[in-house]
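J.: what would the 3D arrangement of this be:
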Amino acid sequence: MSDHLPEQVRQFERGLLADPGLVERILSGGDPAKVNADKPKREPLRVTDVHSFLTMDIPPREMMLEPWLPCQGLAMIYGKRGTGKTYLALAIGYAVASGGGILGWRTPKARKVLYLDGEMLAAPLQERIAGIVRGSDREPEPGMLNIITPDLQKGSMPDLATFGGQAALSEVIPEETKLIIVDSLSSLVRGEGRENDAESWLPVAEWALAQRVAGRSVLFLHHAGKGGAQRGTSKREDLLDSVLALRPPAEYQPHKRARFELHIEKSRGLCAEFVPLEAELVGTEGGGVTWAARPVEETLTQRIVKLAEDGMGKREIAEELRVNRSTVYRTLARKGAAKD
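T.: Next up, the predicted model:
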């Protein structure tokens, strides 16, 4: 028998090439229903003549959160652990649901939000949202901000890398939801593929595109790797309208309240100029929290001038603030504080 094994293997390989569904039918016992049970049904593709397309009455694209999150938009915010991604995302969800604003960004009108939390315990999540409510001058109407969080489930959270997980979520998305916030990719996109494997992202990309077709925006939260870039395959960024990076500022202390520099790394059709910001979570009267922000360039200038006034040399300032020495020289020259 062993002499015939190589030929049998070759025959099986030829069979796979000729019929890619062979393995699935073998594993399912030949039952077509089992083979296709986990696959979504696809509508036939539509072909449109360019003249017909140009005469279609297509409404202009609106913004959900100006200037970087459009309606039917796909976006990502990423940063290192502890920088404040969840606090920021909760505040964004609250602002969109209440028709308010955050960090100078404006929501033209209130839209229904679904916050899909895959990481936090219910108690600290409740505490964070309560702080945002106390620090805000607006409140969403009932049903406008909805939450799915692990502690309130009888089973595990859905895995958006699988058709089963996607179907489980689709069954409970409230009607008229316009924004889904996925916090975070590492907890809600588990699957069987490696994180840096581009192919493992394809099912999630298809799900995100399906949400866009359904009239929804999706905001993904993701972790940064050791080098500071978003962790895993860069293929995720291909279909996204916007990618925002949270970077720890100079003199950052993780044990304090959330504080970060916010930079945009990708923008597709921004409606206005995006100014990099340094944002900090601050307390308000009554135990609430809100965000204070100012342009990164402004805060950097203040730090450089302060260190120079304290007697620190230009080389030391550049090393302390992790900037080029030329930036230090130009800043001090502009402020008239340059010293030999």
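
J.: need the longest strand for the protein.
T.: Assignment by DSSP state E gives strand 259-267 as the longest strand of the chain.

J.: for the stretch 101-250 of the chain, which segments count as strands?
T.: For the stretch 101-250 of the chain, the strands identified by DSSP state E, counting those that start in this stretch occupy 101-102, 105-106, 112-117, 145-148, 177-183, 217-223, 242-247, in order along the chain.

J.: pLDDT (mean, whole number) over the second one?
T.: In this model, strand 105-106 has a mean pLDDT of 92.

J.: give me the contacts around it.
T.: By Cβ atoms under 8 Å, 6 or more residues apart in numbering, the list of residues contacting strand 105-106 from outside reads 65, 66, 67, 68, 95. Any C-beta I mention is one placed from the backbone N, CA and C, and that applies to glycine too.

J.: residue 52 and residue 58: what is the separation?
T.: Taking Cβ to Cβ, to the nearest Å as the measure, residue 52 and residue 58 are separated by 12 Å.

J.: sorry, wrong one. I was asking about residue 236.
T.: Counting by Cβ to Cβ, the gap from residue 236 to residue 58 is 27 Å.

J.: between those two, which one's more packed in?
T.: residue 236 (23 against 8; other Cβ atoms under 10 Å).

J.: so what's that one closest to, chain neighbours aside?
T.: Closest residue in space to residue 236, ignoring its immediate chain neighbours: residue 201 at 5.6 Å, by Cβ to Cβ, 6 or more residues apart in numbering.

J.: what pLDDT does the model give the one you found?
T.: On pLDDT, residue 201 comes in at 87.

J.: do residue 27 as well
T.: The confidence metric pLDDT takes the value 48 at residue 27.

J.: and if you look at residue 18?
T.: You'll see residue 18 listed with a pLDDT of 48.

J.: what does residue 3 give?
T.: According to the predicted model, the pLDDT of residue 3 comes to 47.

J.: count of neighbours near residue 290?
T.: Here the neighbour count serves as a burial measure; for residue 290 (other Cβ under 10 Å) it reads 18.

J.: would you list the phi and psi of it?
T.: Summarising the backbone geometry of residue 290 under the convention degrees, to the nearest 10, its torsions are phi -150, psi 180.

J.: cool, the one 10 residues further on as well?
T.: Backbone dihedrals for residue 300, given as degrees, to the nearest 10, come out at phi -60, psi -40.

J.: look up how far residue 54 lies from it.
T.: As for residue 300, its distance to residue 54 is 48 Å (criterion: Cβ to Cβ).

J.: show me which of the two is the more surrounded one.
T.: More neighbours sit around residue 300 than around the other of residue 300 and residue 54, counting by other Cβ under 10 Å; the figures are 20 against 9.

J.: in stretch 157-165, what counts as buried?
T.: In terms of neighbour count (16 or more other Cβ atoms under 10 Å), stretch 157-165 has its buried residues at 157, 158, 159, 160, 161, 162, 163, 165.

J.: swap in stretch 129-144?
T.: Buried residues in stretch 129-144, counting neighbours by 16+ other Cβ under 10 Å, are found at 129, 131, 132, 133, 135, 136, 140, 144.

J.: if I look at residue 164, how far off is residue 122?
T.: Using Cβ to Cβ, residue 164 is found at 24 Å from residue 122.

J.: nearest to residue 109, of the buried residues of stretch 129-144?
T.: residue 144 (11.2 Å; Cβ to Cβ).

J.: you'd agree that closest one is up against residue 109?
T.: No - with contact defined as Cβ atoms under 8 Å, residue 144 and residue 109 do not form a contacting pair (11.2 Å).

J.: any idea of the mean pLDDT in whichever strand or helix holds residue 292?
T.: In this structure, residue 292 is located in strand 289-295 according to DSSP states H and E. The average of the pLDDT scores along strand 289-295 is 92.

J.: now that strand: buried residues?
T.: Buried residues in strand 289-295, counted by 16+ other Cβ under 10 Å: 289, 290, 291, 293.

J.: what does stretch 85-101 give?
T.: Judged by neighbour count using 16+ other Cβ under 10 Å, the buried positions of stretch 85-101 are 85-100.

J.: residue 325: neighbour count?
T.: When neighbours are counted by other Cβ under 10 Å, residue 325 registers 12.

J.: distance of residue 248 from residue 318?
T.: The separation that residue 248 has from residue 318, given Cβ to Cβ, amounts to 17 Å.

J.: next one: residue 289
T.: Between residue 289 and residue 318 the distance is 34 Å, computed by Cβ to Cβ.

J.: likewise for residue 97?
T.: When Cβ to Cβ is applied, the distance between residue 97 and residue 318 equals 43 Å.

J.: can you show me the helices along this protein?
T.: According to DSSP state H, the chain carries its helices in the segments 5-18, 22-27, 32-36, 50-54, 85-98, 122-134, 163-170, 185-188, 202-213, 296-309, 314-321, 325-335.

J.: need those in CSV (columns: distance to residue 177).
T.: Compiled in CSV, these are given as follows (distance: least, Cβ to Cβ, whole Å):
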stretch, distance to residue 177
helix 5-18, 42
helix 22-27, 34
helix 32-36, 28
helix 50-54, 28
helix 85-98, 10
helix 122-134, 18
helix 163-170, 11
helix 185-188, 16
helix 202-213, 9
helix 296-309, 33
helix 314-321, 43
helix 325-335, 44
